[in-house]
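**Student:** sequence first, then the predicted structure, then my questions.
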Amino acid sequence: MAIILGIDPGSRITGYGLINSVGNKLDYIHCGCVRTDTPSQPERLKIIFTEICQVIEEYSPQQAAVEEIFMGRNASAALKLGQARGSAMVACLFHELPVAEYSARKVKQAVVGAGGADKLQVQHMVKALLSISDKIAEDAADALAVAICHANTEASLIRVAGAKSFSRKRLK
């Protein structure tokens, strides 16, 4: 059993989601968004850090996973996103959580089956995989997708590590 905290960082809205991973079974725990309405970037980073710390203290996850930065055309926006991501990661590390990182493409591939999936497809699959009937925010759905990706990656690594033998013979 592992409670996984997934984080979709953003300088204005940071999504978070918690799932419980037991073998191949995933259970939804909670999700939400950290909203930073202040114009001050340092103040936004403080809010992200503080609220992610509160989530960690309330739900006691054992692992965390964070989406990597997507570099678009706007370098200033990418820098602000990187700072928000760093603030969330420091909150996890402050509570001694191991942090894994996944590209948006890998997350979409793990949840939808296609790395180029759109936000609506991700949101739909997250709700289906976790049996969520309520409406959830896009950023929270993305964070849950990051947690699902991490759970699937960990399960795959455990299966590979548990293999008794490995043959390099060609399959016919």
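**Tutor:** Structure received.

**Student:** going by neighbour count, list what's buried in the top helix by length along the chain.
**Tutor:** Secondary structure assigned by DSSP state H gives helix 138-161 as the longest helix of the chain. Residues of helix 138-161 classed as buried: 139-152, 154 (neighbour count, 16 or more other C-beta atoms under 10 Å). In this view, the C-beta of every residue, glycine as well, is placed from N, C-alpha and C.

**Student:** what about L130, distance to I29?
**Tutor:** As judged by C-beta to C-beta, to the nearest Å, L130 and I29 stand 9 Å apart.

**Student:** now the strand or helix carrying I29: mean pLDDT?
**Tutor:** Remark: I29 resides in strand 25-35, with elements defined by DSSP states H and E. Confidence over strand 25-35, taken as the mean pLDDT, stands at 96.

**Student:** list the buried residues of the helix or strand just after that strand.
**Tutor:** Following strand 25-35 in sequence order, the next helix or strand is helix 41-59 (DSSP H and E). The neighbour-count criterion (16+ other C-beta under 10 Å) identifies R44, L45, I47, I48, F49, E51, I52, C53, V55, I56 as the buried residues of helix 41-59.

**Student:** need these in a markdown table with pLDDT, can you?
**Tutor:** Compiled in a markdown table, these are given as follows (pLDDT from 0 to 100):
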| residue | pLDDT |
| --- | --- |
| R44 | 96 |
| L45 | 97 |
| I47 | 97 |
| I48 | 97 |
| F49 | 98 |
| E51 | 98 |
| I52 | 98 |
| C53 | 98 |
| V55 | 98 |
| I56 | 98 |
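
**Student:** tell me where this protein is predicted with low confidence.
**Tutor:** Counting by pLDDT under 70, the chain contains low-confidence ranges at 1, 71-72, 155-172.

**Student:** pull up the overlap in contacts between L130 and I29.
**Tutor:** Residues touching both L130 and I29 by C-beta atoms under 8 Å, 6 or more residues apart in numbering: I19.

**Student:** neighbour count: the two, which is higher?
**Tutor:** More crowded of L130 and I29, by other C-beta atoms under 10 Å: L130, with 20 against 16.
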